[in-house]
Each structure stands twice: as structure tokens, then as C-alpha cells.
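Trainee: Need coordinates for the following:
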Amino acid sequence: MLRNLVDVLRSGQGTGAMMQVVAIVLGAMMMVFVTLPLHEWAHAFSAHKLGDDTAKWNGRLTLNPLKHLDLFGTAMLLICGVGYAKPVPINPYNFRNRKVGMALSALAGPLMNVLLAVAAVGLYRVYDVTLGAHVDFQVTLIVWNVLIGLFAPINIMLAIFNLIPIPPLDGSRVLALVVPDRIMDTLERYEMYLSIGVMALVLTGVLDPFFNTVLGGFGNVLGTVFGDPLVFFRP
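Mentor: Presented below is the predicted three-dimensional model:
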């Protein structure tokens with residue numbers, strides 16, 4: 001997002017550029033105050049429902065963004081479009097089935113991101129049908145950029161990113177359901193190095209083609225579901 005903002009500022013001081021700045025700032029605020037807190041709350045809520053109140057006892061069963069945000073992870077989100085918040089503490093020994101409980105509570109975060117993306121597209125369609133023809137085009141442009149250009153695709157990217165099956169990402173909890181414990185022990189032993197490697201791939205843009213392909217697929221599906229001819233999530 002911040003890279004987009006720099007590009008917009010360099011493009012000039014016209015009304016169009018300033019409208020883009022407004023859209024990017026609003027989008028960034030939604031990511032920080034809506035996406036990250038809801039992602040972490042989903043982890044905490046699902047763990048709570050499955051029998052583990054560790055997150056609740058640590059004050060993480062809340063939508064207060066200050067309880068969830070990680071400084072570096074939030075900066076990555078704003079700069080690269082993918083990032084992370086403070087991990088929600090979960091005690092697997094409180095689940096009836098430890099592996100299943102960990103997998104389900106882990107999946108809750110990415111699922112929340114997908115639901116937020118769907119909600120954003122649906123909200124834009126409602127706006128377009130009810131108000132789109134009656135408001136200034138610049139306002140519609142801001143709404144489109146915030147919901148379709150930023151909020152929806154970044155939520156999908158966060159879901160994809162978190163489902164990468166390496167510790168400490170959510171996908172590793174799902175992987176643990178199908179691979180032997182010795183393999184998971186090895187992955188967890190090299191967790192720090194694997195995390196650095198994935199971050200390097202994200203920061204250097206190596207994963208961009210993969211992200212764009214998946215985004216395009218989601219865009220086509222959502223465009224079909226909501227009956228809009230626009231190509232969503234255009235890279």
C-alpha cells in the first residue's frame with residue numbers, strides 16, 4: 001500500500017491523485033483496524049469454542065486492534081500487502097483432539113480473510129446498485145479502490161500467505177494432520193530460517209506471480225457470483 005501511495009504522490013497533485021491517496025489511506029486503516037484484529041479474533045474464538053480459553057485469559061478474545069498488532073508485521077502488510085499480527089496463544093492440550101483442534105483454530109484466521117474479501121465485494125455491489133448512479137464519480141472511485149482494489153485482494157493474499165505449510169504460519173497446523181510428527185519436529189526446528197526465507201520471497205516479489213494467479217481466480221469466481229462484469233483483483 002505504501003508503495004502505491006508513493007506512486008500516486010509522484011503522479012501529481014491533481015484531484016485524481018488526491019482521491020487515490022484518500023482511497024489508499026482508508027484501505028490501510030481498514031487493514032489495520034479490521035482485517036488483522038478479525039483474523040486473530042477468529043483464531044481465539046475458534047479455540048474458545050473448541051475448548052481452549054488460553055487466548056481469552058490472555059486478553060486476545062477481543063476486536064481491540066492494539067491487543068493484536070505486531071509493529072513489523074503491520075509494516076509488512078502496509079508495504080507488501082502481506083504481513084502478520086501477534087500470534088494468538090493456544091494450548092493444544094485443552095482440545096479433545098490436539099491436531100484437529102490446532103488445525104481448525106488455525107484455519108479460522110484465513111477463512112475470516114476470505115469472508116472479509118467476499119463481504120467487501122458484496123458491499124461494493126450493493127453500493128453500485130443502490131447509490132452508484134447517484135453519487136459523484138470520484139466517490140465511487142474511492143469506494144471501488146478501497147473495497148475492490150485494496151481490501152478484498154489483500155485479504156485473499158493474507159489467506160494464501162497464512163496457508164503456506166511452514167511454521168509458524170497457519171498452514172503448518174493443517175500440514176500436521178497428514179505428515180508424521182518427526183517431519184513437523186524438523187520443520188519447527190528450522191522455523192526461524194523458513195520464516196526468513198518466506199519473508200525474503202515476499203519482499204523480493206518472487207511470489208507475486210503466484211499471488212496474482214490466485215487473486216485472478218478468486219476475482220473471476222466472485223465476479224461471476226455477484227454478476228459484475230468487472231475483472232476483480234486486476235494485478
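Trainee: Helices along the chain, start to end?
Mentor: 2-10, 15-30, 36-49, 54-57, 71-80, 98-130, 137-144, 152-162, 170-175, 181-189, 191-203, 208-225 (DSSP state H).
Trainee: Point out the most buried one among these.
Mentor: Mean neighbours per residue, mean count of other CB atoms under 10 Å, is largest over these for helix 152-162, with a mean of 25. Heads up, the C-betas are built off the backbone N, CA and C, glycines and all.
Trainee: what pLDDT, on average, does it get?
Mentor: The average pLDDT within helix 152-162 is 88.
Trainee: and that helix, what other elements does it pack with?
Mentor: helix 98-130, helix 208-225 (3 or more CB pairs under 8 Å, 6 or more residues apart in numbering; DSSP states H and E).
Trainee: now the longest one, how far from the centre of its chain.
Mentor: Offset of helix 98-130 from its chain centre (CA atoms, centre = their mean, to the nearest Å): 9 Å.
Trainee: just the shortest one next, same as before
Mentor: Distance of helix 208-225 from its chain centroid, counting by CA atoms, centre = their mean, is 14 Å.
Trainee: What helices and strands are in contact with it?
Mentor: Using 3+ CB pairs under 8 Å, 6+ apart, the elements in contact with helix 208-225 are helix 98-130, helix 152-162.
Trainee: Switch those helices over to a markdown table; also include distance to Val202.
Mentor: Putting the helices and strands packed on helix 208-225 into a markdown table (distance: least, CB to CB, whole Å) gives the following:
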| stretch | distance to Val202 |
| --- | --- |
| helix 98-130 | 16 |
| helix 152-162 | 7 |
